[in-house]
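structure of the sequence below:
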Amino acid sequence: LYAAKESFTHKIQLQKIRCGDEIGILNDDYCDCSDGSDEPSTSACSHITIQHSTFHCEDGTNKIYASRVFDGFEDCLDGSDESR
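This next block holds a predicted model:
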């Protein structure tokens, strides 16, 4: 016997933002904006924002470089830079 697989649709709400003359999708792990402003909580634009402290830890204790988000090391005391 084989169990029937249930299918479902999972909708994700994507938030679009304007960055200059461009439109970006916020935190989708793709660097849409040339200034990196569409990815403040991911490391997708770390090549642009490498020297900017753009990620704020959820507990409010620290700001870290975007390049340190999802890099495998917890830089925030609450671990929010490595959790989704």
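
I'd like the next helix or strand past the least confident helix or strand in the chain by mean pLDDT.
For the chain, counting by mean pLDDT, DSSP states H and E, helix 46-49 ranks last in confidence among helices and strands (a mean of 73). Scanning the chain past helix 46-49 towards its C-terminal end, the next helix or strand to appear is strand 53-56 (assignment: DSSP states H and E).

partner strands of that following strand, parallel or antiparallel?
Sheet neighbours of strand 53-56, with direction, are listed as strand 63-65 (antiparallel) (DSSP bridges).

buried set for the partner strand?
With burial defined by 16 or more other C-beta atoms under 10 Å, the residues of strand 63-65 counted as buried are 64-65. All C-beta spots, glycine's among them, are computed from the backbone N, C-alpha and C.

now that strand: how far from the chain's centre is it?
Going by C-alpha atoms, centre = their mean, to the nearest Å, the spacing between the C-alpha centre of strand 63-65 and its chain's C-alpha centre is 13 Å.

centroid-nearest residue for the chain?
Central residue of the chain (C-alpha atoms, centre = their mean): Thr42, 2.7 Å from the mean position.

okay, that residue: pLDDT?
The pLDDT attached to Thr42 in the predicted structure is 84.

how near is the nearest residue to it once chain neighbours are set aside to Ser83?
With C-beta to C-beta, 6 or more residues apart in numbering as the criterion, Thr42 has its nearest non-adjacent residue at 5.1 Å, and that residue is Asp29. Using C-beta to C-beta, to the nearest Å, we find Asp29 at a distance of 15 Å from Ser83.

cool, Asp21 as well?
As it turns out, when the distance is counted by C-beta to C-beta, Asp21 lies 34 Å from Ser83.

which one of those two has more residues nearby?
Under the neighbour definition other C-beta atoms under 10 Å, Asp21 and Ser83 were set side by side, and Ser83 has more, 10 against 7.

below-threshold pLDDT in this structure: ranges please.
Within the chain, the set of residues satisfying pLDDT under 70 comprises 1-12, 49-53, 84.
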